[in-house]
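With the sequence up front, the predicted model follows.
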Amino acid sequence: MSLNSANKMGLTAKILLAMVAGFLVALILRNALPGNAFVDTVFTNGIFNVMGALFVSALRMLVVPLVFVSLVCGTANLSEPSKLGRLGGKTVGLYLLTTAIAISLALGAALLFHPGNATLQQQDMAFQATEAPSLAQVVIDLVPRNPLAAMVEGNMLQIIVFAIVFGFAIAQLGDKASGVRALFTELNEVVLKIVNIVMAIAPYGVFGLIAKLTLTLPLDTFQSVFNYFLLVLGVLLFHALVIYPLLVSLLSGLNPVIFLKKMMGVQMYAFSTASSAATLPVTMDNANSRLGVDNRVGSFTLPLGATVNMDGTAIMQGVATVFIAQVFGIDLSMTDMLMVILTATLASIGTAGVPGVGLIMLAMVLQQVGLPVEGIALILGVDRLLDMVRTAVNVTGDSAVSVIVAKSEENLDKAVYDDPMAASEMQKA
């Protein structure tokens with residue numbers, strides 16, 4: 001490129017600038033023209049909505065091909081097929097461990113700080129909960145009856161299972177399937193190139209997303225659930241900034257400060273989209289180019305994490321359960337607490353990486369311990385903002401596990417990890 005790279009603003013800086021600009025522009029419109037129909041039609045549901053929706057749609061367009069192709073490549077390129085079982089065991093085990101820690105922290109914090117207030121207004125609370133699938137149904141649904149239908153419907157768990165089986169078959173065939181392996185390797189390069197193209201519009205999409213959110217978020221809702229909001233936010237930040245770095249340090253011996261610094265750009269994407277699935281292209285690019293995670297590991301652990309690793313959602317469920325119980329004056333027994341930990345941990349496996357789905361899973365957790373599902377209406381006003389934060393936590397956890405697993409498998413380039421100047425492909429574009 002002819003532009004001097006030293007004078008060119010990095011993509012991460014552009015994203016941050018777009019977030020601030022979107023917030024300020026929307027705040028000015030909201031205060032200068034409150035309730036204005038023109039602003040609502042032209043800006044909120046017009047320009048800002050289109051900018052944000054196009055960006056998120058472009059990211060989601062990539063999710064199915066990226067997950068399928070990258071998982072097939074990662075599994076097919078395993079030199080030892082037996083390594084798949086070891087890799088999968090480590091990955092799933094770490095994801096379940098971090099989720100159990102997250103929900104335990106959430107329950108402990110909620111019991112300690114008591115965010116609920118039984119005097120809160122409980123009228124006009126209505127939340128129509130979609131029935132969550134049972135654990136048995138989640139297990140049954142792992143195997144797709146029709147792989148093509150699973151791709152069309154975006155059923156990530158089924159796509160992951162089919163991709164792993166497909167890639168494993170290629171690995172087992174060896175040289176007989178060399179042509180298929182080469183095809184998927186080239187397809188992976190094509191998909192990653194599309195990722196770079198989509199990332200070029202990221203600042204504009206983030207501007208639209210933040211601007212619309214600022215114009216539509218009911219700020220007065222914070223008054224009644226301010227304690228709940230602060231507590232969930234505090235636990236989310238503690239988990240992301242303390243627990244994950246601690247695990248990276250203890251289990252891999254790597255510098256956790258470097259890990260956090262290199263996750264900032266990904267966290268901003270996740271915050272903007274509120275979807276770990278939509279952020280997946282960015283997460284994978286960052287893990288490979290900046291954290292030094294070998295693509296054979298990252299292409300397995302990260303798509304899996306975007307589907308099954310929902311620590312942020314588990315934290316919300318833990319605090320919200322205790323909060324709603326306190327609001328309604330219901331005491332939770334130790335058995336109830338253990339049931340919340342178990343249910344929320346297992347529920348995270350079936351939670352899709354899309355905005356707002358955590359509320360559906362929360363309904364299942366509340367039903368398990370006999371709490372009124374209507375209480376979810378209390379937290380609806382602030383859940384969108386918290387959803388954005390917990391998505392950033394989720395993608396941080398995905399990357400932390402990938403780094404730990406890659407280091408344990410000797411598939412991590414430590415020189416790249418330690419290099420503060422290592423740039424992702426999208427930053428080079």
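Great, that's in hand.

mind listing the helices for the stretch 151-300 of the chain?
Taking DSSP state H, counting those that start in this stretch as the criterion, the stretch 151-300 of the chain contains helices spanning 156-173, 178-199, 202-216, 226-238, 244-252, 256-273, 276-289, 295-308.

Out of those, the one nearest residue 98 is which?
Among the helices of the stretch 151-300 of the chain, the nearest to residue 98 by C-beta to C-beta is helix 244-252 (7.1 Å). The way it works is simple: take the backbone N, C-alpha and C, and place the C-beta from them, glycine included.

mind listing what's buried in that closest one?
With burial defined by 16 or more other C-beta atoms under 10 Å, the residues of helix 244-252 counted as buried are 244, 245, 247, 248, 251, 252.

Skipping adjacent residues, who's closest to the fifth one in space?
To tie it back to what came earlier, the one meant is residue 251. residue 404 (4.7 Å; C-beta to C-beta, 6 or more residues apart in numbering).

which residues does residue 72 contact?
By C-beta atoms under 8 Å, 6 or more residues apart in numbering, the contact set of residue 72 is 163, 166, 167, 170, 184.

any idea how far the first one lies from residue 71?
So the one you mean is residue 163. The gap separating residue 163 from residue 71 is 4 Å, by C-beta to C-beta, to the nearest Å.

Spell out which residues are contacts of both of the two.
Residues touching both residue 163 and residue 71 (C-beta under 8 Å, 6+ apart) are residue 303.

Nearest to residue 46 among the helices of the stretch 151-300 of the chain would be which one?
Of all the helices of the stretch 151-300 of the chain, helix 202-216 sits nearest to residue 46, with 9.8 Å by C-beta to C-beta.

centroid residue for this protein?
In the chain, the residue lying closest to the centroid (C-alpha atoms, centre = their mean) is residue 276, at 2.7 Å.

list the contacts for that residue?
Contact partners of residue 276, counting by C-beta under 8 Å, 6+ apart, are 270, 283, 305, 306, 310, 353, 391, 394, 395, 398.

Put together JSON lines for the residues you listed, with neighbour count on each row.
Output for the contacts of residue 276, formatted as JSON lines (neighbours: other C-beta atoms under 10 Å):
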{"residue": "270", "neighbour count": "29"}
{"residue": "283", "neighbour count": "28"}
{"residue": "305", "neighbour count": "29"}
{"residue": "306", "neighbour count": "27"}
{"residue": "310", "neighbour count": "34"}
{"residue": "353", "neighbour count": "28"}
{"residue": "391", "neighbour count": "29"}
{"residue": "394", "neighbour count": "31"}
{"residue": "395", "neighbour count": "31"}
{"residue": "398", "neighbour count": "34"}
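
Would you check how far apart the residue nearest to residue 259 when sequence neighbours are not counted and residue 417 are?
The shortest distance from residue 259 to any non-neighbouring residue, by C-beta to C-beta, 6+ apart, is to residue 248 (5.2 Å). Noted for residue 248: a distance of 10 Å to residue 417, by C-beta to C-beta.

residues shared between the contacts of these two?
With C-beta under 8 Å, 6+ apart as the test, residue 248 and residue 417 both reach 254, 403.

now what about stretch 20-28, what contacts it?
Stretch 20-28 has contacts (C-beta under 8 Å, 6+ apart) with 43, 48, 206, 207, 208, 209, 210, 211, 212, 213, 214, 215.

Need the worst-confidence member of those residues.
pLDDT across the contacts of stretch 20-28 is lowest for residue 213, at 73.

so what's residue 287 up against?
Taking C-beta under 8 Å, 6+ apart as the test, what residue 287 contacts is 293, 298, 302, 399, 402, 403.

Of those residues, which is the nearest to residue 318?
Minimum distance to residue 318 across those is 22.5 Å, recorded for residue 399 (C-beta to C-beta).

if we can go back for a sec, compare the contacts of residue 287 and tell me which has the most neighbours.
Neighbour tally across these (other C-beta atoms under 10 Å): the maximum, 32 neighbours, falls on residue 302.

Show the pLDDT at that one.
Residue 302 carries a pLDDT value of 88.

try residue 219
55.

again with residue 54
pLDDT, residue 54: 86.

What of the one 10 residues further on?
pLDDT, the model's per-residue confidence, is 78 for residue 64.

Is it within a helix or a strand, and which one?
Element membership for residue 64 (DSSP states H and E) is helix 48-76.

Residue 265: how many residues sit nearby?
Applying other C-beta under 10 Å, we find 23 other residues in the vicinity of residue 265.

Buried residues, the longest helix seen in the chain. List them.
Taking DSSP state H as the criterion, the chain has its longest helix at helix 82-113. Going by neighbour count (16+ other C-beta under 10 Å), the buried part of helix 82-113 is 83-84, 87-88, 90-92, 94-96, 98-107, 109-110, 113.
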